[in-house]
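Novice: here's my sequence, what's the structure:
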Amino acid sequence: MKRFTRSSQQSMSMHYRRGVPAVINKKFLSRRVDAAFISSIHAKKYRYVNLGIIAKKEVLSVIVVPDVQNEADMESASSNVLAQILDIKGKVLIGDKALKHYLQNKPYIDLAAEWNSRYKLPFVFALLCYHKDQQLYKSIERQFLKQRVKIPQYLLTEASKRTEISKKDILNYLSYISYDLDIKAQKGLSFFYKNVKN
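Specialist: Numbers count the residues shown, from 1 in each chain. Predicted coordinates:
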C-alpha cells in the first residue's frame, strides 16, 4: 500500500498493524487509526474506497466445522453473521486456524463457497474504510488496482514462521482473494446487508 502514496511523508505516516478483524475494527471505530480494512458488517456506516478483501468463490480461511456445537469465532465479525444468514451450524473458524484446519483435510464448510453456490455472488469480508483524506485513499485505490499484487518476500517469510504454514500454502490461499470491489462484488455486499438482521 505504501508504494501507492504520493509522497515519502504519506508513506512514513502509514504503519502496518497486524491483528484479527475484531481488534482492527475496534481500533478503527475508536479512531485510533485513520484507515483500515474493517469487517464489512461494520463498514456500512463509514466511507470506503473500492478496495476490499473479497472471495469470488471459496476462501479457505473462513469455515464452519460441522457436527460440533455451535460456536462463534470471537476474532471475527462478518463471518459469524454470514454463518447465521446461511443457517450453517457448527464452529466458526477464521484466519490461520481455519487455514490450518483446511490443510489437515478435516471436514469443513467454506462459507464463501456456500454463499456463492446459493446466490452466485462474491462475498465481501472487509472494506478499506477511512475517516479522512479521501483523495489519498482514492489515489491508492486507482494505483493498487492497476498492478498485480506482489507480496514482499520478507512479509511472506514472517507470516510463514508466525503461522507455521508454508509459503506455498500461503500463496495458494492468497490466490483465492480479490481486492477489487467491482460491480458484482458490490451486488454481493448489498445483498449481504439486506440479509443482516438489525
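
Novice: quick one, what contacts the residue most central in space within the chain?
Specialist: Closest to where the C-alpha atoms of the chain average out (CA atoms, centre = their mean) is residue 53, at 3.8 Å. Applying CB atoms under 8 Å, 6 or more residues apart in numbering to residue 53 gives the contacts 37, 124-126, 177, 179. Placement of C-beta: from N, CA and C, glycine included.

Novice: can you pick the most crowded of those?
Specialist: The most crowded member of these, judged by other CB atoms under 10 Å, is residue 125 (28 neighbours).

Novice: one step back: and of the contacts of residue 53, the nearest to residue 187?
Specialist: residue 124 (9.9 Å; CB to CB).

Novice: I figured the closest one hits residue 51, correct?
Specialist: No - with contact defined as CB atoms under 8 Å, residue 124 does not reach residue 51; the gap is 10.5 Å.

Novice: quick check: neighbours shared by those two?
Specialist: With contacts taken as CB under 8 Å, 6+ apart, residue 124 and residue 51 have residue 181 as neighbours in common.

Novice: the residue nearest to the centre of the chain in helix, strand or coil?
Specialist: Under DSSP: H, G, I helix; E, B strand; the rest coil, the three-state class of residue 53 is strand.

Novice: what about it, distance to residue 179?
Specialist: From residue 53 over to residue 179 the distance is 7 Å, taken as CB to CB, to the nearest Å.

Novice: pLDDT and secondary structure added to the contacts of residue 53, as CSV?
Specialist: Output for the contacts of residue 53, formatted as CSV (pLDDT from 0 to 100; DSSP: H, G, I helix; E, B strand; the rest coil):
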residue, pLDDT, secondary structure
37, 90, strand
124, 97, strand
125, 96, strand
126, 94, strand
177, 94, strand
179, 94, strand
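
Novice: could I get the residues you listed in TSV, plus columns for distance to residue 72?
Specialist: TSV is the format used below for the contacts of residue 53 (distance: CB to CB, whole Å):
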residue	distance to residue 72
37	20
124	19
125	15
126	17
177	23
179	26
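
Novice: what is the nearest of those residues to residue 97?
Specialist: The shortest approach to residue 97 among those belongs to residue 125, at 15.4 Å (CB to CB).

Novice: beta partners for the residue lying closest to that closest one once chain neighbours are set aside?
Specialist: For residue 125, ignoring the flanking residues on the chain, the nearest one in space by CB to CB, 6 or more residues apart in numbering is residue 53 at 4.6 Å. Beta-bridge pairing for residue 53 (DSSP bridges): residue 126.
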